[in-house]
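Trainee: Fold the following for me, if possible:
(4 chains)
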There are 2 protein chains.
Amino acid sequence: MRADARRNRDKIVEAAAEIVAERGVHVPMELIARRAGVGVGTLYRRFPDREALITAIGDHYVRAMAEVVDVTARQSADAWSAIGRFVAWAAAPGRVALASALAVLPQEATTGGAEFAEARREWVERLDRLVRRAQAEGDMRTDAGVEELIHLLAVFTCHPNGLPEPVAADPGRYLRLMLDGMKAPSADPIG
Amino acid sequence: MRADARRNRDKIVEAAAEIVAERGVHVPMELIARRAGVGVGTLYRRFPDREALITAIGDHYVRAMAEVVDVTARQSADAWSAIGRFVAWAAAPGRVALASALAVLPQEATTGGAEFAEARREWVERLDRLVRRAQAEGDMRTDAGVEELIHLLAVFTCHPNGLPEPVAADPGRYLRLMLDGMKAPSADPIG
DNA sequence: CCATAAGTGGACGAAAAGCTTCCGCTTGCG
DNA sequence: CGCAAGCGGAAGCTTTTCGTCCACTTATGG
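Mentor: Below you'll find the model as predicted:
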């Protein structure tokens, strides 16, 4: 692979991540290409179809998240506050394309290839360790687990342009509300 | 207006509400017509365009909600549990087209006509009374109000087919988690 | 029971929006 | 310097939905 081709590939993934974050998984390929500063032809040579591209974004993000989970875990006094920081990071404006990794891709994991599936598993596992620790330390309710956390996160990161405007404007605020709901002791078990 | 025409109009609104709940605001008009058991022609005579139809649905629901707020308020011992019941009602499967009333329509309220705007205002006001009472009774955190409640509700009712699958399957569960987050005393003020 | 105006369904033509391919030109690299 | 790899983007194709139109049906009042 030629050096310039490599550069372009990276530009494409980056641009795609941005746009998908802004406008959802269905943005026209041409917009992505334009943002990346390349022609559609180039895009299609690298990624045979939209799915391949989306998977690439997912891969990109899922690795970043695994990394962040680790870093926050090391930097925080307790597991619960590490979770809080991770969520804050994930909800930061423009970091929203997580959709791919969180919600879209589990189904596509098979399609996305074993390598991606593995990366995602690794991420979930790390986050799960944090969750269990927070629960053991009595900071997190035990009737909700890592799955709930991820789904809820996905709700806020999935539909950036479909979200009610005030939520889209400050997802972090709502995410904090949601985190409060997961904190122990819970009002009522959710069953 | 002939009696049969009136019947058809109602069938259309009902069908539209169902389908919009299932597939979002952008469902093809033809699907709506088919579900209602009429031809597209009939649909278009009654509602000049999609927006008119959506507004009609919003109107439909916003009135229903205002009613339910009242009923639950009367039936519940305290304001907080009334809120809980209202939310549970709103999150019931198939009741999801609230989207229109909650998120889409505020912007379209002007379009939808003064009558609709008024109905919506009435609903919000009733819910707000409940919220303030719950706060006064010390059951609900005071750094979140009726707006937050509505926005959060909208998150779960807006994108039925875009929602992560597990959330779509049981929105109530996640809504309960969210309600816990709004219960007093809060872990940390959300600012 | 009939006349008629209101109502009806669904085929149809137009248009928009995207996807992908293709090909003549450019450029990194050995 | 030569050429394989890479590039851009116009063009063709498909799919999707819209909204109109009109020949046929049916309530309804007299």
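Trainee: Count residues in the vicinity of A:A3, would you?
Mentor: 7 (other CB atoms under 10 Å in any protein chain shown). C-beta: built from backbone N, CA, C; applies to glycine.
Trainee: Look up how far A:I83 lies from it.
Mentor: Computed as CB to CB, to the nearest Å, the A:A3 to A:I83 distance reads 41 Å.
Trainee: Likewise for A:H26?
Mentor: Between A:H26 and A:I83 the computed distance is 31 Å (CB to CB).
Trainee: who has more neighbours, these two?
Mentor: For A:H26 versus A:I83, neighbours defined as other CB under 10 Å are more numerous around A:I83 (26 against 8).
Trainee: Can I take it that the more buried one is in a helix?
Mentor: Yes. With DSSP: H, G, I helix; E, B strand; the rest coil as the criterion, A:I83 is located in a helix.
Trainee: in chain A, which spans are helices?
Mentor: In order along the chain, chain A carries the following helices (DSSP state H): A:3-23, A:29-36, A:40-46, A:50-75, A:79-91, A:99, A:105-112, A:114-136, A:146-157, A:165-169, A:171-182.
Trainee: Now render those helices as TSV, adding distance to DNA strand D and mean pLDDT.
Mentor: Formatted as TSV, the entries for these read as follows, by distance: least, CB to the nearest atom of the strand, whole Å; pLDDT from 0 to 100:
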stretch	distance to DNA strand D	mean pLDDT
helix A:3-23	4	91
helix A:29-36	7	96
helix A:40-46	2	96
helix A:50-75	14	90
helix A:79-91	31	92
helix A:99	21	57
helix A:105-112	19	50
helix A:114-136	21	91
helix A:146-157	24	85
helix A:165-169	23	78
helix A:171-182	29	88
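Trainee: winner for burial among these?
Mentor: Compared across these, helix A:99 shows the largest average neighbour count, a mean of 25 (mean count of other CB atoms under 10 Å in any protein chain shown).
Trainee: near DNA strand C, which residues of chain A?
Mentor: Applying CB under 7 Å from any atom of the strand, one finds that chain A approaches DNA strand C through A:R2, A:A3, A:D4, A:H26, A:P28, A:M29, A:E30, A:V40, A:G41, A:Y44, A:D49, A:R50.
Trainee: Widest-spaced pair of the residues you listed?
Mentor: A:A3 and A:H26 (32.1 Å; CB to CB).
Trainee: Let's have the helices of chain A in JSON lines, adding distance to B:L163.
Mentor: Rendered in JSON lines, the data for the helices of chain A read as follows (distance: least, CB to CB, whole Å):
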{"stretch": "helix A:3-23", "distance to B:L163": "17"}
{"stretch": "helix A:29-36", "distance to B:L163": "24"}
{"stretch": "helix A:40-46", "distance to B:L163": "29"}
{"stretch": "helix A:50-75", "distance to B:L163": "18"}
{"stretch": "helix A:79-91", "distance to B:L163": "17"}
{"stretch": "helix A:99", "distance to B:L163": "11"}
{"stretch": "helix A:105-112", "distance to B:L163": "14"}
{"stretch": "helix A:114-136", "distance to B:L163": "19"}
{"stretch": "helix A:146-157", "distance to B:L163": "7"}
{"stretch": "helix A:165-169", "distance to B:L163": "14"}
{"stretch": "helix A:171-182", "distance to B:L163": "15"}
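Trainee: what's the spacing between the residue of chain A found nearest DNA strand C and A:V38?
Mentor: As assessed by CB to the nearest atom of the strand, DNA strand C sits closest to A:A3 within chain A, at 3.0 Å. As judged by CB to CB, A:A3 and A:V38 stand 15 Å apart.
Trainee: And for A:M182?
Mentor: Note on A:M182: its distance to A:V38, by CB to CB, is 42 Å.
Trainee: Please apply the same query to A:A144.
Mentor: Taken as CB to CB, the span from A:A144 to A:V38 is 44 Å.
Trainee: again with A:N8
Mentor: Distance of A:N8 to A:V38, computed by CB to CB: 6 Å.
Trainee: now A:A154
Mentor: Looking at A:A154 against A:V38, where the rule is CB to CB, the gap reads 30 Å.
Trainee: rewinding a little: switch the helices of chain A over to a markdown table; also include distance to chain B.
Mentor: What follows is the helices of chain A, written out as a markdown table (distance: least, CB to the nearest CB, whole Å):
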| stretch | distance to chain B |
| --- | --- |
| helix A:3-23 | 13 |
| helix A:29-36 | 19 |
| helix A:40-46 | 24 |
| helix A:50-75 | 14 |
| helix A:79-91 | 9 |
| helix A:99 | 9 |
| helix A:105-112 | 8 |
| helix A:114-136 | 13 |
| helix A:146-157 | 4 |
| helix A:165-169 | 5 |
| helix A:171-182 | 3 |
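Trainee: Can you say which of these is nearest to B:A66?
Mentor: Relative to B:A66, the nearest member of the helices of chain A by CB to CB is helix A:165-169, separated by 21.4 Å.
Trainee: what's near enough to touch the closest residue to A:R133 other than its chain neighbours?
Mentor: Take A:R133 and drop its neighbours on the chain: the residue closest to it by CB to CB, 6 or more residues apart in numbering or on different chains is A:A79, 3.7 Å away. Contacts here follow CB atoms under 8 Å, 6 or more residues apart in numbering or on different chains; on that basis A:A79 touches A:A73, A:L130, A:V131, A:R133, A:A134, A:E137, A:D139, A:M140.
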